[in-house]
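Colleague: Sequence and predicted structure below; questions after.
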Amino acid sequence: MKKVLTILVALIVLVLITLGVVRWLVQPPQPEPPTPEPPTATQPEWCPDVEVIAAPGTWESSATDDPVHPAANPTSFMLTLTQPLQERFSPDDVKVWTVPYTAQFRNIHAMHEVSYDQSRNEGSAKAEEEMRATHGECPLTDFILVGFSQGAVFLGDIASVIGTGSADIVPAERIRGVALVADGRREAQYGQHVGNPVSGVGAEVALRPVNALIQPIVPEATMRGTRPGGFGTLNDRTVEICAPDDHICDAPLNVLNALERAEALIAANGIHAQYATNPNVIPGTTTSTWLVDWATDLINK
């Protein structure tokens, strides 16, 4: 009798196990839990919608200048852009920030000045630092970059590394536009060229083959040549403006007399100093007026 009961119990247990396995095998699959939505980017209410980074040219800035109300050089070309923008827009909506840097160019006539390499690197570092700081606190704020002469060179370099993805400063989609006036690394194949056509290139490109020869005239002014990759994804958002016969951005590609060209680089002829009024740069307007309208349109997008 015991043996029969044991067999019955074993059979019951086996049946229960079998039923459990069958139920587990045939039960419908449970739906996957919903994928959580990625967090929506936000930023503090005090953040501006747009920050304009303005970089003055050689001898138009100072390392200790006020970036919001610059006064190092009252005739700085960049003031013809930054002041009208500050008058048009509230600082709560548009922050206008001018790069405070030494802005000098050591040369045979001014050996006491900071070298071009050092000045340019300082300006670039300060502009990058400001952009990183703003983006860190205000990830939805967009940038507009505008540079003149030496300032155009290093803001163009920043636009290049952002657009080609070779440096992590801010995402390329946060750049609304870039305007480079008298860019010393200008080349016809990169950027959108505004105004009357010019046949030359930027001085850093033209003088690259004779960089060593010109060092006695402009010590520590490295002529680096082209920007690798140009402006990358920012190419359609980058405009180049160059006055015909401006030796900084319209230099002949074939340098016949390196020392003479280096002297011209130092002199930065009168045309280079007349962008605010020169009617021969952009037909029907001046560079200053064009830039203010261009930046205003980008801000109002």
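Modeller: Sure, I can see it.

Colleague: Just the pLDDT for Arg261.
Modeller: At Arg261, the model reports a pLDDT of 63.

Colleague: Now the terminal residues of stretch 222-239, how far apart.
Modeller: Length of stretch 222-239, first residue to last, Cα to Cα, to the nearest Å: 24 Å.

Colleague: Likewise for stretch 226-234?
Modeller: For stretch 226-234, the first and last residues are 16 Å from each other (Cα to Cα).

Colleague: what ranges do the helices span in this structure?
Modeller: Under the criterion DSSP state H, the chain contains helices at 2-26, 79-88, 116-137, 150-163, 203-206, 211-214, 258-267, 287-299.

Colleague: Can you flag the weakest of these by average pLDDT?
Modeller: If you rank the helices of the chain by mean pLDDT, helix 2-26 sits at the bottom with a mean of 50.

Colleague: Not counting its neighbours along the chain, what's nearest Asp236?
Modeller: Counting by Cβ to Cβ, 6 or more residues apart in numbering, the nearest residue to Asp236 once its immediate chain neighbours are dropped is Gln192, at 6.7 Å. Glycine gets a C-beta too; all of them are placed from N, C-alpha and C.

Colleague: Around the one you found, how many other residues sit close by?
Modeller: Gln192 is surrounded by 15 other residues when neighbours are defined as other Cβ atoms under 10 Å.

Colleague: Also the one 3 residues further on?
Modeller: Other residues within reach of Gly195, judged by other Cβ under 10 Å, total 19.

Colleague: Can you give me every residue that contacts it?
Modeller: Contacts were defined as Cβ atoms under 8 Å, 6 or more residues apart in numbering; by that measure Gly195 touches 241-243, 281-283, 287.

Colleague: how near is the residue nearest to Leu155 when sequence neighbours are not counted to Thr238?
Modeller: Take Leu155 and drop its neighbours on the chain: the residue closest to it by Cβ to Cβ, 6+ apart is Gly147, 3.6 Å away. In this structure, Gly147 and Thr238 are separated by 11 Å, where distance is defined by Cβ to Cβ, to the nearest Å.

Colleague: So which of these two has more stuff around it?
Modeller: Ranked by neighbour count (other Cβ under 10 Å), Gly147 and Thr238 place Gly147 first, with 29 against 25.

Colleague: ok, back up a step: list residues touching both of Gly147 and Thr238?
Modeller: Among the neighbours of Gly147, those also in contact with Thr238 (Cβ under 8 Å, 6+ apart) are 156, 179-180.

Colleague: Name the nearest of these relative to Cys138.
Modeller: For Cys138, the closest of the shared contacts of Gly147 and Thr238 turns out to be Ala179, at 21.9 Å, with distances computed as Cβ to Cβ.

Colleague: bridging residues for the closest residue to Gly151 other than its chain neighbours?
Modeller: When the adjacent residues along the chain are set aside, Gly151 lies closest to Ala55, with 2.8 Å between them (Cβ to Cβ, 6+ apart). When assigned by DSSP bridges, Ala55 has beta-bridge partners Gly147.

Colleague: Tell me how many other residues surround Pro44.
Modeller: A count of neighbours around Pro44, defined by other Cβ under 10 Å, yields 7.

Colleague: is it true that it touches Leu140?
Modeller: No: Pro44 is beyond contact range of Leu140, at 10.0 Å (criterion: Cβ atoms under 8 Å).

Colleague: one step back: mind putting the shared contacts of Gly147 and Thr238 into a markdown table with neighbour count?
Modeller: Below are those laid out as a markdown table (neighbours: other Cβ atoms under 10 Å):
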| residue | neighbour count |
| --- | --- |
| Gly156 | 27 |
| Ala179 | 30 |
| Leu180 | 30 |
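
Colleague: what number of residues lie near Pro84?
Modeller: Number of residues near Pro84 (other Cβ under 10 Å) recorded here: 18.

Colleague: Likewise for the one 5 residues further on?
Modeller: Here the count is done by other Cβ under 10 Å, and Phe89 has 20 residues near it.

Colleague: likewise Lys301?
Modeller: Burial measure for Lys301: 9 neighbouring residues, criterion other Cβ under 10 Å.

Colleague: close enough to count as contact, it and Arg237?
Modeller: No: here Lys301 lies out of contact with Arg237, judged by Cβ under 8 Å, at a distance of 11.4 Å.

Colleague: okay, and the common contacts of these two?
Modeller: Contact with both Lys301 and Arg237 is made by residues Arg176, according to Cβ under 8 Å, 6+ apart.

Colleague: Need the residue closest to the centroid of this protein.
Modeller: For the chain, the residue sitting closest to the mean C-alpha position, by Cα atoms, centre = their mean, is Ala159 at 3.3 Å.
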